[in-house]
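Undergrad: The sequence and its predicted three-dimensional model are supplied below.
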Amino acid sequence: MSLALTNYFPDSTSIPFIKARFAAFGFSVLMILASIAAFFSMGLNFGIDFTGGVTLEVRTEAEIDAARIDEMRGVLNNLGLGAIELQGLSELTEGSECYGNHCALIRVQPQEGEGLEAEVAQQEANLAVQAALTELYPDIEYRSVQVLGPKVSGELVQAGIMSIVTALVLMLVYIWFRFEWQYSVGAVVALIHDVIITIGMFSVTQLEFNLSTIAAILTIVGYSMNDTVVVYDRIREKIRKFKKKSLDEVLNLAINKTLSRTILTSLTTLVALFSLWLLGGAALQGFAFAMIFGIVVGTYSSIFVAAPILMLTNVKREASEA
């Protein structure tokens, strides 16, 4: 597929990417500030992985329409378990179990208590919800049930944060040894840029932020780093070859030489991700959407953030020749 698509791209372009670096930096700073503001003002819509509580995915033979959702909500609210959220689910694939609005997702807030008491309270809440729903709809099926106490969810939050921080640090070390410190600064700034803006997107959209989202962010970090390394490799090659050209000319030349590869890789990846988003069901939609957004942001940062930063760090030609 990539070989066929290559015929539609010119062998060499001459787009002045570096000339637009100040506009790109301004746009990136604006997006980062907006993401930080959204995070602190709106927060994240944490899933059960991080908050604890009970999540059930149920299915009934009859369609779960708005009236049935209201009926279920009324019964569950009488259980005195605190805030309960209900959301109808419908998979797009005809023949699937949820096709035609036959499924619903139910979330019950974490129950009060500490230690073993809290764990027991979550289990009792789960049993109470299932008993009430089974009495209301004898044909109801429980496709999945998750019960997490606050201790486990708190540990998952810490593990998620540590995994992202560890990935960024290891990427910094890799680039430092792979290239020079000027390159490592640009690569890590681009990665932090991608992570902050992706988290900001989750704050604005209030999509559920769970363990699959952490997996998506880590994948985005790896994808963006791979894109950046390809560009940096070509930059180092051109710096060695064209010693009399100015640095901005060399950077433009290197970016343009890798442009067709960058576009084709991103497009083919996005085709797979859009299929996953449309056909993968509710469980994979958050992961797929985060990946789609992250691929777009990562491609942008490789061209407009990571490469132009070398103008600010004043990468040395003699270092590139080492």
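TA: Happy to help now that I have it. Numbering: from 1, shown residues only.
Undergrad: and Gly100, how many residues sit next to it?
TA: Look at Gly100: counted by other CB atoms under 10 Å, it has 12 neighbours. Backbone N, C-alpha and C define where each C-beta goes, glycine included.
Undergrad: swap in Val271?
TA: For Val271, the count of nearby residues is 11 (other CB under 10 Å).
Undergrad: From Val169, how far out is it?
TA: According to CB to CB, to the nearest Å, Val271 and Val169 sit 32 Å apart.
Undergrad: Likewise for Ile161?
TA: Distance of Ile161 to Val169, given as CB to CB: 13 Å.
Undergrad: Helix, strand or coil: sort out the residue of the chain positioned farthest from its centre for me.
TA: In the chain, counting by CA atoms, centre = their mean, Lys244 sits farthest out from the average C-alpha position, at 41.8 Å. Secondary structure, DSSP: H, G, I helix; E, B strand; the rest coil: Lys244 is coil.
Undergrad: what does the one 4 residues further on give?
TA: Three-state secondary structure (criterion: three-state DSSP) places Asp248 in helix.
Undergrad: Got phi/psi on the residue farthest from the centre of the chain?
TA: Lys244 adopts backbone torsions of phi -90, psi -10, taken as degrees, to the nearest 10.
Undergrad: Tell me the spacing between it and Val250.
TA: Lys244 sits 10 Å away from Val250, going by CB to CB.
Undergrad: Need the pLDDT of the residue farthest from the centre of the chain.
TA: At Lys244, the model reports a pLDDT of 76.
Undergrad: now swap in Val152 and tell me
TA: Taking Val152 on its own, its pLDDT is 59.
Undergrad: same check, this time on the one 10 residues further on
TA: The confidence metric pLDDT takes the value 84 at Met162.
Undergrad: Could you list the domains of this structure?
TA: Using automatic domain parsing, the domain parsing of the chain gives 2-46+153-320, 53-148.
Undergrad: Give me the distance between the two termini of the shortest one.
TA: Meaning domain 53-148. Terminal residues of domain 53-148 lie 5 Å apart, using CA to CA, to the nearest Å.
Undergrad: quick one, strands of the stretch 101-250 of the chain?
TA: 103-108, 141-148, 208-209 (DSSP state E, counting those that start in this stretch).
Undergrad: check contacts around the spatially closest residue to Ala24 that is not a sequence neighbour.
TA: Excluding the flanking residues, the one nearest Ala24 by CB to CB, 6 or more residues apart in numbering is Phe304, at 3.7 Å. Contact analysis of Phe304 by CB atoms under 8 Å, 6 or more residues apart in numbering lists 17, 20-21, 24, 28.
Undergrad: Phe304 and Ala216, how far apart?
TA: Applying CB to CB, the value for Phe304 to Ala216 is 22 Å.
Undergrad: Equivalent analysis for Lys245, please.
TA: Distance of Lys245 to Ala216, computed by CB to CB: 39 Å.
Undergrad: Which one's more surrounded, the two?
TA: Shown here are Lys245 and Ala216; by other CB under 10 Å, Ala216 has more neighbours (23 against 14).
Undergrad: For that one, which non-adjacent residue is closest in space?
TA: Ala290 (3.7 Å).
Undergrad: Can you classify the residue nearest in space to the middle of the chain as helix, strand or coil?
TA: Central residue of the chain (CA atoms, centre = their mean): Ala290, 3.2 Å from the mean position. With three-state DSSP as the basis, Ala290 sits in helix.
Undergrad: Send over stretch 303-313 as CSV, restricted to the C-alpha atoms.
TA: The C-alpha coordinates for stretch 303-313 follow below in CSV (Å, rounded to 0.1, in the frame of the first residue of the first chain):
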residue,chain,number,x,y,z
ILE,A,303,7.8,18.6,12.1
PHE,A,304,6.9,21.8,13.9
VAL,A,305,8.4,21.3,17.4
ALA,A,306,11.2,18.8,17.6
ALA,A,307,13.0,19.9,14.5
PRO,A,308,12.8,23.7,14.9
ILE,A,309,13.9,23.5,18.5
LEU,A,310,17.4,22.6,17.1
MET,A,311,17.5,26.2,16.0
LEU,A,312,17.2,27.3,19.7
THR,A,313,19.6,24.7,21.1
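Undergrad: so for it, what's the average pLDDT?
TA: Mean per-residue pLDDT for stretch 303-313: 84.
Undergrad: Give the buried residues for it.
TA: 303-310 (16 or more other CB atoms under 10 Å).
Undergrad: Give me the subset of these that lies in helices.
TA: Counting by DSSP state H, the part of these found in helices is 309-310.
Undergrad: now, which of the buried residues of stretch 303-313 sits nearest Gly80?
TA: Proximity of these to Gly80 (CB to CB) peaks at Val305, which lies at 51.2 Å.
Undergrad: Can you report how many residues neighbour the nearest residue to the closest one once chain neighbours are set aside?
TA: In space, and not counting its chain neighbours, Val305 is closest to Ala190: 4.6 Å by CB to CB, 6+ apart. Residues near Ala190, counting by other CB under 10 Å, number 28.
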